[in-house]
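Undergrad: Please find the sequence and the predicted model below.
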Amino acid sequence: MSESGKARAVGINHVALEVGDIDAALAFYGQLFEFSLRRRSETAAFIALGDQFINLAKRPTGAPDDARHFGLVVDDKEAVRRALTEHGVDVLPGRFLDFLDPWGNRVEIIGYDNIQFSKTPDVLRGMGLDGLEKTQRARDELAENGMGSM
C-alpha cells in the first residue's frame, strides 16, 4: 500500500473484448497471432499472454467506439503487419499499427522491444521468449522511471 493509504494500480491482469461469436473470434485472432488458450466455453475464451490474458466474451455488440482501444504488446510488430495484409484486415490511418476486429474492437499493436512495458525473465522464459531484448531507448525510459539500470 502507498503512503497515501490508497491501493496502487500495478498492471493489467486481463482485457475483455466483446465478440459476436467465440469460434469466429478465435479464428480471426488465430490468423494474426500464435497463441494458446487457458480455457474456453460456449460464451468465453481466454487467450494466454504469459501472466496476463485476453477474455473473448460472447455478447451482442453495438457500434464501434473509435476512441476505445487496447494496446497489445507483441514480439514482432512487422509480422503482425504482414498477417493483417495477408488476411485483408485494414490498418487504420495514423502513426500506430491499429486495426478493428470484426466486432469493432480497436487493437493497437506495440513492439515489446521499444516500450517501457516488460516481463520478468522467468515469465519470458516460460513463454519461450527468453531472448527478447529491449532497445536502448526503452531501457533508458525504464531507468528514468526507477525500473531498471542505465
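TA: Perfect, I can see it now.
Undergrad: Tell me how the chain divides into domains.
TA: As assigned by automatic domain parsing, the chain contains the domains 14-114, 115-150.
Undergrad: From residue 29, how far out is residue 44?
TA: Applying Cβ to Cβ, to the nearest Å, the value for residue 44 to residue 29 is 14 Å. All C-beta spots, glycine's among them, are computed from the backbone N, C-alpha and C.
Undergrad: Can you check which residues contact both of these two?
TA: With contacts taken as Cβ atoms under 8 Å, 6 or more residues apart in numbering, residue 44 and residue 29 have residue 56 as neighbours in common.
Undergrad: Which one of these two is surrounded by more residues?
TA: residue 29 (19 against 15; other Cβ atoms under 10 Å).
Undergrad: other SSEs contacting the helix or strand containing that one?
TA: In the assignment (DSSP states H and E), residue 29 maps to helix 22-32. For helix 22-32, the packing partners by 3 or more Cβ pairs under 8 Å, 6 or more residues apart in numbering; DSSP states H and E come out as strand 37-40, strand 44-49, strand 52-58, helix 77-86.
Undergrad: could these be laid out in TSV, adding distance to residue 125 and mean pLDDT?
TA: Converted to TSV, those look like this (distance: least, Cβ to Cβ, whole Å; pLDDT from 0 to 100):
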stretch	distance to residue 125	mean pLDDT
strand 37-40	19	94
strand 44-49	15	94
strand 52-58	16	93
helix 77-86	21	94
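Undergrad: Which one of those lies nearest to residue 124?
TA: Closest of these to residue 124 is strand 44-49, at 12.0 Å (criterion: Cβ to Cβ).
Undergrad: Specify the angle between the closest one and strand 52-58 in degrees.
TA: With axes from the mean of the first three to the mean of the last three Cα atoms, to 10 degrees applied, the angle from strand 44-49 to strand 52-58 works out at 160 degrees.
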